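[1] Here is the input, now give the coordinates:
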Amino acid sequence: MKNFKLRTLIDSVLGSGKATNNNNIAYHCPFCHHYKKKLEVNTISQHWHCWVCNIAGRKLVTLFRKLNVERIKISKLVSLLDEVEYKPTKTTTNTPVLQLPENFRPLWKLDKTSPEYRNAIYYLKSRGIGIQDILKYRIGYCRKGPYSGKIIIPSYDANGSLNYFVARAYYEEDIYKHKNPPTSKDIIGFELHINWNLPIILVEGAFDAITIKRNVIPLFGKTISDTLKKRIVEKNVKEIYICLDQDAKKQALETATYFMNNGLDVYFVDLTSKDPNELGFEKTKEVLKHTNRMTQEYLMEQTILCTL
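    Numbering: from 1, shown residues only. Coordinates of the predicted model:
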């Protein structure tokens, strides 16, 4: 009964919730306004966390105060929490949870007074990335800390959990152009945005994926992860476009061989000397449009040429 009263009170602030597991209730996040219910609130531990914008806390009172909830409801919350048996939950895994840099600032929130903000936006525009892309991929930047002067492009899995992020310097004079997190790349990049019922396009980097704009998975490198290979086969994907840079041709052919052996129609995209982000959306779209399905003969021919 006490938990029911607490749930009813939280619902009155966040809207109708959906029970998930381990006493968690999922709500629409009032901070990032994601269309799915990605803000999870635990009615026992009081912990709350949005799997998209990564805002989190350990007290429900803190959540209520961040939302400027009226005092009468905050008082009622405190009263109910005193009644509910509160037992902090202990983490049962030693696996560290990946988080965005501490100094991450969202670029979709206008900050005209900051020259850092303007420089970050200018850099993204120079790479063909606009406000709609910033909103879709929740792109941010850091003005200080270990990732100072870097654009931050997060990647989220199908559940909205952060599984990787890319950090790219927005000042050309920065000698450290890239600074990515010390975590495994055995993940599926941008999985939150993927429709497995449509053809999949594989590219090397986050900027390439954002440029193409449609059902694209960045590998965050030249080789495809085991997790992604298995998922593509498990999901019965019918067509796959391999769109890697020229210096990754060997890895691209190995990937093509794997998928063709598993019955997929493979399209081997020839990008000549430029990557998708350098080509831009329109030119890359044309290249994809005129790419033919790869045959075993062509695969063998290219594999031999690659060894010479």
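[2] Please make it C-alpha for all contacts and neighbour counts, starting now.
    Fine.
[3] So for the protein, the centremost residue is which one?
    When C-alpha atoms, centre = their mean is applied to the chain, the residue found nearest the centroid is Ser155 (1.9 Å).
[4] check which helix or strand covers it.
    strand 150-156 (DSSP states H and E).
[5] Surely the residue nearest to the centre of the chain touches Ile187?
    No - look at Ser155 against Ile187 with C-alpha atoms under 8 Å: they stay out of range, at 9.5 Å.
[6] Now list whatever residues contact both of these two.
    Jointly contacting Ser155 and Ile187 under the rule C-alpha atoms under 8 Å, 6 or more residues apart in numbering are Asn163, Tyr164.
[7] Just after the lowest-mean-pLDDT helix or strand in the chain, pick out the following helix or strand.
    The helix or strand of the chain with the poorest confidence is helix 71-83; it has a mean of 75 (mean pLDDT, DSSP states H and E). Downstream of helix 71-83, the next assigned helix or strand under DSSP H and E is strand 104-106.
[8] I'd like the average pLDDT over that next one.
    In this model, strand 104-106 carries a mean pLDDT of 92.
[9] so what strands line up beside it?
    Sheet pairing for strand 104-106, assigned by DSSP bridges, gives strand 140-142 (antiparallel).
[10] Please state the mean pLDDT value computed over the strand it pairs with.
    94.
[11] which residues are contacting that strand?
    Under the contact criterion C-alpha under 8 Å, 6+ apart, strand 140-142 has outside partners 101, 103-108, 117, 120, 134, 148-153.
[12] can you check stretch 196-213 too?
    So stretch 196-213 is contacted by 127-129, 133, 153, 166, 215-222, 232, 235, 237-245, 275-277, 280-281, 284-285 (C-alpha under 8 Å, 6+ apart).
[13] Grab the nearest non-local neighbour of Val266.
    Ile240 (5.1 Å; C-alpha to C-alpha, 6 or more residues apart in numbering).
[14] Just the pLDDT for the one you found.
    Note on Ile240: pLDDT of 96.
[15] same question, the one 10 residues further on
    Note on Lys250: pLDDT of 88.
[16] Three-state assignment for it, please.
    What DSSP: H, G, I helix; E, B strand; the rest coil gives for Lys250 is helix.
[17] mind listing what the residue nearest to the centre of the chain touches?
    By C-alpha under 8 Å, 6+ apart, the contact list for Ser155 reads Tyr137, Leu162, Asn163, Tyr164, Phe165, Gly189, Phe190, Glu191, Leu192.
[18] what domains does the record give for the chain?
    2-83, 96-183, 185-308 (automatic domain parsing).
[19] Show me how far the second one is from its chain's centre.
    Right, domain 96-183. 12 Å (C-alpha atoms, centre = their mean, to the nearest Å).
[20] Repeat that for the last one.
    The offset between the C-alpha centroid of domain 185-308 and the centroid of the whole chain comes to 19 Å, using C-alpha atoms, centre = their mean.
[21] First-to-last residue distance for that domain?
    30 Å (C-alpha to C-alpha, to the nearest Å).
[22] which helices and strands sit right next to the strand or helix carrying Lys125?
    Using DSSP H and E, Lys125 maps to helix 115-126. The contact analysis (3 or more C-alpha pairs under 8 Å, 6 or more residues apart in numbering; DSSP states H and E) places helix 115-126 against no helix or strand.
[23] before we move on, back to that, any of the contacts of stretch 196-213 buried? List them.
    Buried members of these, scored by 16 or more other C-alpha atoms under 10 Å, are 127-129, 133, 153, 166, 215-220, 222, 232, 237-245, 275-277, 280-281, 284.
[24] Quick one: mark the members of the residues you listed that sit in helices.
    Under the assignment DSSP state H, these contribute Asp133, Ile232, Pro276, Asn277, Phe281, Thr284 to helices.
[25] Closest to Glu173 out of the residues you listed?
    Nearest to Glu173 out of these is Asn277 (C-alpha to C-alpha; 20.6 Å).
[26] Touching, that closest one and Arg127? I think so.
    Yes - taking contacts as C-alpha under 8 Å, Asn277 lies within contact range of Arg127: 6.9 Å.
[27] Buried subset of the contacts of strand 140-142 as a ChimeraX selection?
    To isolate the buried ones among the contacts of strand 140-142 in ChimeraX, judged by 16+ other C-alpha under 10 Å, type:
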select :101,104,105,106,107,108,117,120,134,148,149,150,151,152,153
